[in-house]
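Peer 1: sequence first, predicted model second:
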Amino acid sequence: MQDSDDKRRISTQSPDKVVGGTMVKAGENYPEIHQGDPIPISDADQHVQSLHHGDHFTQPPEPKHGMHTFLASPSAHGQIQLPSLDSSSPIDEALRFIYQLSTGTFHCSHSCEYFSITLSPSEFATLEAHIAADPELHRWTQDKLRANYTEDDNSLLIMMETRLHAMSSRGLEREIEQTLHSEAKPFFDSGNIVKPCAGSKSTVTFPHTSKRKSLLTPDGSFLCLGRKFPTVTMEVGVSQMESDLCEKGTKWIKLSKGQVQAVLCIKIESWDDQMCADFPASSRVPNEPTCRRKVYYWIHRPRQTDTAVDPTETPITVVRQCNGTVHEGFICLKLADFVPPPCPDFDIKISHRRLLGIIDEAERYEEDDRRLRVGDRTGNETVEGLDDETDEETDKDTDEDTDKEVHDADEADDADEVDKGRRGRRGSGGR
């Protein structure tokens, strides 16, 4: 590994091509955060704090030899003596970058899916030890940070959450909350409380022994007043593998010993940049089948046996095929999923069309982000919608000018008529 300054960097990458474990795109230049440079923060972009840097991102590269999950076993580095860090060390740069991600204070002018950090194996081990020494940061990295370290080229690849995942998660959580309180209004009017728990407050600790514990943070959850664990949780997967999504769903049931009554798992198939270019959102015709993201879901529930609580899952229900075909139906939950018995028998249903509306809106915003990103590289920051607004303003100005011309012409005609009338009256008086 070369220790030159050009190798000591945090660089933003676009996931177009894998070269030596690092995502690059031929012929493109990307912004870099060099060693010693402060990571840019914008006070105007504090809304980033409302997003979870978590599960879902554009499809990562396939695992290869020498690649392993970041902080998969931090205890293995527990005996490392932590060195003091200076602001110019690559470890300090990486640690500061990860900390800003965890607090929501990181902002980059480019919408990037990957951040590549150059670290030697020993530096990576030291970074793990520093993170493990900070319980709060370690908790966040275990649950929300998605990264891989490639020893072949000393590359730590950190993957960011996309707009699609963030907006889909929050939108679906709000839709469930509104439907829940609408369908079961008499129940909630009597003083019962079930509220969504988003962000860091939704993190749940499952103690095993005095020295071991598990931490899980859902993409959405609902907590009934007086309960320790949420009763319903929600996981949304974009590029996360279906098997990983299913595994997390079963963990909620097992670790809570059945106190989590339902885990709704929504899978949104990944869409690569080439597909976005071939089928941009602006070219889609409503109700016309075309290439779209496939969307499907299933629900995990507890099943009590004589000795334990075993998780079960419903069959997969497809909401939309990749050819654009929509399957009508409802995501069906029960009020009993949210509150302990006894409770009335209310159905909580979210239509497939409403779910797709939430996802489609998130896709449009993500498409705008992609167009902005392309515009930044080409010097053209035009975004779909801005042209339409400009055209509307131009049409409005044209209409106003036309109306003014017509009005002026009408006034001129009226003046001529008045003048003719005056001349006629003068002629009559003379005769």
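Peer 2: Good, I have the coordinates.

Peer 1: going by C-alpha atoms from here, please, whenever you check contacts or count neighbours.
Peer 2: Noted.

Peer 1: how near is P341 to T105?
Peer 2: Computed with CA to CA, to the nearest Å, the distance linking P341 and T105 is 42 Å.

Peer 1: repeat that for Q261.
Peer 2: 35 Å.

Peer 1: neighbour count for these two, which is higher?
Peer 2: Neighbour comparison, Q261 and T105: the larger count goes to Q261, with 25 against 19 (by other CA atoms under 10 Å).

Peer 1: and the helices in this structure?
Peer 2: Remark: helices of the chain, listed N- to C-terminal, are 90-103, 121-132, 135-143, 163-183, 185-189, 242-255, 273-278, 335-338, 352-378, 386-430; assignment by DSSP state H.

Peer 1: which strands and helices sit next to the first one?
Peer 2: Same thing as helix 90-103. In this structure, helix 90-103 makes packing contacts with strand 9-13, helix 121-132, helix 135-143, judged by 3 or more CA pairs under 8 Å, 6 or more residues apart in numbering; DSSP states H and E.

Peer 1: and stretch 330-348, what's buried?
Peer 2: Neighbour-count burial for stretch 330-348 flags F330, I331, L333, L335, A336, D337, F338, V339, D347, I348 (criterion: 16 or more other CA atoms under 10 Å).

Peer 1: for that stretch, measure first residue to last.
Peer 2: Start-to-end span of stretch 330-348 (CA to CA) is 9 Å.

Peer 1: what are the contacting residues of that stretch?
Peer 2: Applying CA atoms under 8 Å, 6 or more residues apart in numbering, the external contacts of stretch 330-348 come out as 176, 179-180, 183-184, 187, 194, 222-224, 231-232, 261-262, 349-352.

Peer 1: cool, and stretch 303-318?
Peer 2: Stretch 303-318 is touched from outside by 250, 253-254, 257-258, 294-302, 327, with contacts defined as CA under 8 Å, 6+ apart.

Peer 1: buried among the residues you listed? Need that as a selection in PyMOL.
Peer 2: Selection of buried members from the contacts of stretch 303-318 for PyMOL, criterion 16+ other CA under 10 Å:
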select buried, resi 250+253+254+257+258+294+295+296+297+298+299+300+301+302
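
Peer 1: report the two of the contacts of stretch 303-318 separated the most.
Peer 2: Among those, the pair separated by the greatest distance (CA to CA) is K257 and H327, at 34.0 Å.

Peer 1: surely L264 touches Y297?
Peer 2: Yes: assessed by CA atoms under 8 Å, L264 is found in contact with Y297 at 7.3 Å.

Peer 1: beta partners for G220?
Peer 2: Judged by DSSP bridges, the bridge partners of G220 are M234.

Peer 1: I meant V204, not that one.
Peer 2: Beta-bridge pairing of V204 under DSSP bridges involves L216.

Peer 1: that one and K267, how far apart?
Peer 2: Between V204 and K267 the computed distance is 23 Å (CA to CA).

Peer 1: neighbour-wise, which of these two wins?
Peer 2: K267 (25 against 17).

Peer 1: quick one: contacts for that one?
Peer 2: Taking CA under 8 Å, 6+ apart as the test, what K267 contacts is V236, G237, V238, E242, V295, Y296, Y297.

Peer 1: gap between the first one and T217?
Peer 2: Put plainly, it is V236. From V236 over to T217 the distance is 12 Å, taken as CA to CA.

Peer 1: one more: the fourth one?
Peer 2: Distance of E242 to T217, computed by CA to CA: 18 Å.

Peer 1: same drill for these two, tell me which one is more crowded.
Peer 2: Taking neighbours as other CA under 10 Å, E242 and T217 compare with T217 leading, 25 against 16.

Peer 1: hmm, the more buried one is touching C197, no?
Peer 2: No: proximity of T217 to C197 does not meet the contact threshold set by CA under 8 Å, at 10.1 Å.

Peer 1: okay, the buried residues of stretch 330-348 in a markdown table with pLDDT and distance to R364 next?
Peer 2: Formatted as a markdown table, the entries for the buried residues of stretch 330-348 read as follows, by pLDDT from 0 to 100; distance: CA to CA, whole Å:
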| residue | pLDDT | distance to R364 |
| --- | --- | --- |
| F330 | 97 | 23 |
| I331 | 97 | 23 |
| L333 | 94 | 28 |
| L335 | 90 | 33 |
| A336 | 90 | 35 |
| D337 | 92 | 32 |
| F338 | 91 | 32 |
| V339 | 87 | 35 |
| D347 | 89 | 31 |
| I348 | 92 | 27 |
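
Peer 1: between those, which is closest to L137?
Peer 2: Of all the buried residues of stretch 330-348, F338 has the smallest distance to L137: 30.8 Å, by CA to CA.

Peer 1: of all the buried residues of stretch 330-348, which two lie farthest apart?
Peer 2: Greatest spacing in the buried residues of stretch 330-348, by CA to CA: F330 and V339 (20.7 Å).

Peer 1: low-scoring pLDDT stretches of the stretch 301-431 of the chain, where are they?
Peer 2: Low-confidence segments of the stretch 301-431 of the chain (pLDDT under 70): 373-431.

Peer 1: how is this structure partitioned into domains?
Peer 2: Taking automatic domain parsing as the domain assignment, the record places the domains of the chain at 9-159, 163-358.

Peer 1: for G226, the count of nearby residues, please.
Peer 2: 8.

Peer 1: how much space between it and R353?
Peer 2: Taking CA to CA as the measure, G226 falls 34 Å from R353.

Peer 1: likewise for L127?
Peer 2: L127 sits 46 Å away from R353, taking CA to CA as the criterion.

Peer 1: look at the two and report which has more neighbours.
Peer 2: Residue environment comparison for L127 versus R353 gives the larger neighbour count to L127, 22 against 16, counting by other CA under 10 Å.

Peer 1: report the contact partners of the residue lying closest to the more buried one once chain neighbours are set aside.
Peer 2: Of all residues beyond its chain neighbours, the one nearest L127 is I91 (5.9 Å), with distances taken as CA to CA, 6 or more residues apart in numbering. By CA under 8 Å, 6+ apart, the contact set of I91 is L85, L119, E123, F124, T126, L127.

Peer 1: okay, the longest strand seen in the chain in CSV with CA atoms only?
Peer 2: The strand spanning the most residues in the chain, taking DSSP state E as the definition, is strand 295-304. C-alpha atoms of strand 295-304 as CSV (Å, rounded to 0.1, in the frame of the first residue of the first chain):
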residue,chain,number,x,y,z
VAL,A,295,-42.4,-4.6,-4.6
TYR,A,296,-43.5,-7.4,-2.3
TYR,A,297,-44.0,-8.0,1.4
TRP,A,298,-44.5,-10.6,4.2
ILE,A,299,-45.3,-10.5,7.9
HIS,A,300,-43.5,-12.3,10.7
ARG,A,301,-45.6,-13.4,13.7
PRO,A,302,-44.9,-15.3,16.9
ARG,A,303,-46.2,-18.9,17.4
GLN,A,304,-46.3,-20.2,21.0
